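> build me a structure from this.
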Amino acid sequence: MNVLIDTPIWSLALRRKAGKLNRGERLLVEEWKDVVREGRARLAGAIRQEILSGIREERDFERLCQRLRAFDDIPAETGDHERAAAFFNACRAKGVTPTSIDMLICALAERHGLDVFTTDRDFPRYATIVPIRLHAARSTK
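You can find the predicted model right below:
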């Protein structure tokens, strides 16, 4: 199964120093490495933008841009944005307030049959309302 990797996982793997990761975070990075090595990692443009935002040093920004260029973006189409808005409305009707980007991630994952790999605590709530699957790291299952 291919996996749409969300910003928190990419950030752990590419922005944090390995020596500063706790055991659980190291396991998540190992899972990220496995998914990437297996050719199952997918990236969305909105996630790319989030990963690259807030980097202070131009050199670090360029280095990260270069690493991420190995991954093509899943293109978002008009229908994905419409589906994301419908997901947003469904979540709000159930008392869950999502972000527009999270709902776009859900819409892309649904359309492409991808599991979402994230540590964002909102996604398990979304998964009870919208038709997405969450990826569980094999080492933490």
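> which residues of this structure score low on pLDDT?
139-141 (pLDDT under 70).
> for the residue nearest the centre of the chain, give its distance to Gly19.
Centroid-nearest residue in the chain, with CA atoms, centre = their mean: Asp6, separated by 1.1 Å. Distance, Asp6 to Gly19, by CB to CB, to the nearest Å: 23 Å. The C-beta positions use only the backbone N, C-alpha and C, and glycine is treated the same way.
> same check, this time on Pro98
The gap separating Pro98 from Gly19 is 34 Å, by CB to CB.
> and the two? Which one has more around it.
Pro98 (23 against 6; other CB atoms under 10 Å).
> grab the nearest non-local neighbour of the more buried one.
Computed as CB to CB, 6 or more residues apart in numbering, the closest residue to Pro98 that is not its neighbour in sequence is Cys91, at 4.7 Å.
> wait, that neighbour sits on Ile132?
No: look at Cys91 against Ile132 with CB atoms under 8 Å: they stay out of range, at 11.4 Å.
> quick one: Ala109 and Thr118 touch, right?
No: the criterion here is CB under 8 Å, and Ala109 misses it with Thr118 at 10.2 Å.
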